[in-house]
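Q: here's a sequence, model it:
(one chain, ligands or ions: 1)
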Amino acid sequence: MDTTFSAVADNIKKRRTLKPSTMNGNKIPNAHIASVLELADWAPNHGNTEPWHFIVFEDPKVYSEQHAELYKAANPGESFNPTVYANLSSQFGGASHVIIPYQKRGDLPKIPKFEEVIAASCAVQNLLLGATALNFGAFWSTGGMVLKPAFAQHFGLGAEDSVLGVLFLGYTETQPEGKRKTPIENKITWNK
Ligand SMILES: Cc1cc2nc3c(=O)[nH]c(=O)nc-3n(C[C@H](O)[C@H](O)[C@H](O)COP(=O)(O)O)c2cc1C
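A: Residues are numbered from 1 along each chain as shown. A predicted model of the protein is given here:
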């Protein structure tokens, strides 16, 4: 097999979701974070709108505290659950950095927003594959307040922008096993 294909295939299959609680607290050099963001920028996109933006936190605790406060503000009185608040405050675990990737509307309104979201998601996958190659991992989370309008508003997104999730990045000693429920043959319609 071609060595480039093998290297790419190995890296794609090695990428695994890592829970922040399994990350070991070691810091990723900022230069490596910058490198994976630069890879993100090479995603395919319709009309060269480059519809992605990334908010980086060098201190994951700062992010988690803001997330917890957003939960508190959205749940006054009886609806406030202190356990949820505590879990969100400590969600960063042993992560090194947090990145909020979002779809940022480009300057070509004729491109449907759906396509901008697809392109920005490709940018996230580039970032994740770069991380795998640099031996750090990620947890892509959409829980808590992440997909709520208050979250987007807090982080200054525009009306046509969308949060894609939150990425907790870090090192781990564990390598979770990959699993797929359905064979790829069942997901392909191949016309001869
Ligand atoms: C858009 C998106 C949102 C996700 N949100 C969550 C989440 O909120 N909680 C979670 O445990 N995993 C989340 N995941 C990670 C998936 O659980 C994980 O990718 C899946 O189990 C496959 O495992 P793998 O990434 O190791 O291949 C999310 C993944 C994507 C692409």
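Q: distance of the residue nearest to the spatial centre of the chain relative to F139?
A: Closest to where the C-alpha atoms of the chain average out (CA atoms, centre = their mean) is L167, at 3.6 Å. L167 sits 7 Å away from F139, going by CB to CB, to the nearest Å. No exception for glycine: its C-beta is placed from N, CA and C like everyone else's.
Q: that older thread, how near is the residue nearest to the centre of the chain to the ligand?
A: Plainly put, L167 is 10 Å away from the ligand if you go by CB to the nearest ligand atom, to the nearest Å.
Q: the helix or strand encompassing that residue pairs with which strands, parallel or anti?
A: Element membership of L167, judged by DSSP states H and E, is strand 166-170. In the sheet, strand 166-170 lines up against strand 97-103 (antiparallel), strand 137-141 (antiparallel) (DSSP bridges).
Q: single out the most deeply packed of the ones you listed.
A: Mean neighbour count (mean count of other CB atoms under 10 Å) peaks for strand 97-103 among these, with a mean of 24.
Q: that strand: what's the following helix or strand?
A: helix 113-133.
Q: tell me what that following helix is packed against?
A: helix 3-14, helix 30-40, strand 52-57, strand 97-103, strand 137-141, strand 166-170 (3 or more CB pairs under 8 Å, 6 or more residues apart in numbering; DSSP states H and E).
Q: tilt between the fourth one and helix 30-40?
A: When you say that, I think you mean strand 97-103. With axes from the mean of the first three to the mean of the last three CA atoms, to 10 degrees as the basis, strand 97-103 and helix 30-40 are set at 20 degrees to each other.
Q: now the third one
A: When the same axes, to 10 degrees is applied, the directions of strand 52-57 and helix 30-40 differ by 170 degrees.
Q: ok, what's across the strand from the closest residue to the ligand within the chain?
A: Closest residue of the chain to the ligand, CB to the nearest ligand atom: T17 (3.5 Å). With DSSP bridges applied, T17 shows beta-bridge pairing to A138.
Q: what is the burial count for it?
A: 12 (other CB atoms under 10 Å).
Q: distance of it relative to F92?
A: Distance of T17 to F92, computed by CB to CB: 15 Å.
Q: compute the number of surrounding residues for L108.
A: 13.
Q: got the residues of the protein near the ligand?
A: Residues of the chain lying close to the ligand by CB under 6 Å from any ligand atom are R16, T17, W140, S141, T142, G143, G165, G178.
Q: got the confidence number for the closest residue to the fifth one other than its chain neighbours?
A: To tie it back to what came earlier, the one meant is T142. In this structure, T142 finds its nearest non-sequential neighbour in G165, 4.7 Å apart by CB to CB, 6 or more residues apart in numbering. Listed pLDDT for G165 reads 98.
Q: go on, the one 3 residues further on?
A: The predicted local distance difference test score for F168 is 98.
Q: contacts only, for it.
A: Contacts for F168 (CB atoms under 8 Å, 6 or more residues apart in numbering) come out as P20, M23, P60, Q91, F92, G93, A95, V98, A138, F139, S141.
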